[in-house]
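Peer 1: One predicted model, sequence on top.
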Amino acid sequence: MNREASYREKAKRDRQRLQKVNVSEELSMAEISSTKEKQTVDKKLDYPLIRLLAAFFIMVPIVALSVYYLVPMLADQSSTSAEKEDFETVGISNSSNNGSSQNVAAAPDDKEEDKEEQEKEKAAEEAKLKEQEEAERKKQEEAEKKAKEEAAKKEKEEAEKKAREEAVQKEKELAEQKAKEEEAKKQATKVVQHTVQSQETMYRIAMNYYKSPDGIAKIKAANNLPSEEIYVGQVLRIPLD
């Protein structure tokens with residue numbers, strides 16, 4: 001038991017000693033690092049300051065010369081810019097005026113084009129209307145011509161029909177007139193009837209009524225006899241003047 005306790009005590013002391021060594025080592029490393037950083041910062045502070053001073057002394061004359069030369073140039077540029085603005089203003093004004101004059105000049109052109117277009121449309125409408133009127137006129141003329149032809153044809157047919165009817169009527173009238181004349185002639189001629197007796201001949205009858213052999217022809221014509229042959233008892237019509 002005593003050995004174990006002594007052993008533990010010894011291990012405890014060794015451990016504490018090691019911890020102290022580690023702590024001292026850590027402190028030493030921290031001090032070394034801090035010292036290096038401080039030296040670095042001191043060096044950085046020393047050199048940039050020198051550089052900044054050197055740059056300042058170099059830039060001073062350059063800035064002075066720049067100001068000496070740039071101020072007149074800036075003044076010239078300002079006056080040039082002002083003149084340029086004035087020129088641009090004048091140019092814009094002129095352009096605006098030119099544009100206005102062009103618009104004013106373009107306006108009559110547009111009106112002229114519109115007028116020409118209206119005249120063309122009017123001419124086209126008039127031509128179309130004229131064509132329609134011409135077509136209507138021709139159509140009416142054709143209708144009138146056809147109506148006249150139909151009327152002439154109908155009139156001709158009616159005239160021909162009337163002529164035929166008149167011809168028929170004339171023939172009828174002539175026939176009636178002829179019949180009347182024949183009837184009047186018959187009525188004007190005295191006709192007697194004679195019965196043929198035994199031993200009478202056409203000659204003897206003609207001599208009895210006409211006192212001439214010429215009476216034979218009259219007796220034959222009145223009775224439609226082809227010859228002078230007659231028979232007893234035959235009734236003959238004897239016309240007497």
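Peer 2: Received it, and whenever you're ready, just let me know what you need.
Peer 1: who's in contact with Ser227?
Peer 2: Residues counted as contacts of Ser227 (CB atoms under 8 Å, 6 or more residues apart in numbering) are Lys220. All C-beta spots, glycine's among them, are computed from the backbone N, C-alpha and C.
Peer 1: Angles on the backbone of it, please.
Peer 2: Its backbone dihedrals place Ser227 at phi -140, psi -180, with angles given as degrees, to the nearest 10.
Peer 1: Next one: it from Tyr210, what distance?
Peer 2: Noted for Ser227: a distance of 18 Å to Tyr210, by CB to CB, to the nearest Å.
Peer 1: just Ala54 next, same as before
Peer 2: Applying CB to CB, one obtains 199 Å for the distance of Ala54 from Tyr210.
Peer 1: Compare neighbour counts for those two and give me the winner.
Peer 2: More neighbours surround Tyr210 than the other of Ala54 and Tyr210, with 18 against 10 (other CB atoms under 10 Å).
Peer 1: Could I get the contacting residues of the more buried one?
Peer 2: Counting by CB under 8 Å, 6+ apart, Tyr210 touches Lys218.
Peer 1: Then the one 4 residues further on?
Peer 2: Asp214 makes contact with Ala206, according to CB under 8 Å, 6+ apart.
Peer 1: If we use 7 Å, what do you get?
Peer 2: For Asp214, the set of contacting residues under the criterion of CB atoms under 7 Å, 6 or more residues apart in numbering is empty.
Peer 1: how many neighbours does Lys218 have?
Peer 2: A total of 19 residues lie near Lys218 under the criterion other CB under 10 Å.
Peer 1: and if you look at Ile238?
Peer 2: By other CB under 10 Å, neighbour count at Ile238 equals 19.
Peer 1: repeat for Glu229
Peer 2: Residues near Glu229, counting by other CB under 10 Å, number 9.
Peer 1: got the contact list for the nearest residue to it once chain neighbours are set aside?
Peer 2: With CB to CB, 6 or more residues apart in numbering as the criterion, Glu229 has its nearest non-adjacent residue at 7.8 Å, and that residue is Met202. Counting by CB under 7 Å, 6+ apart, Met202 makes contact with Ile216, Ile219, Glu228, Ile230.
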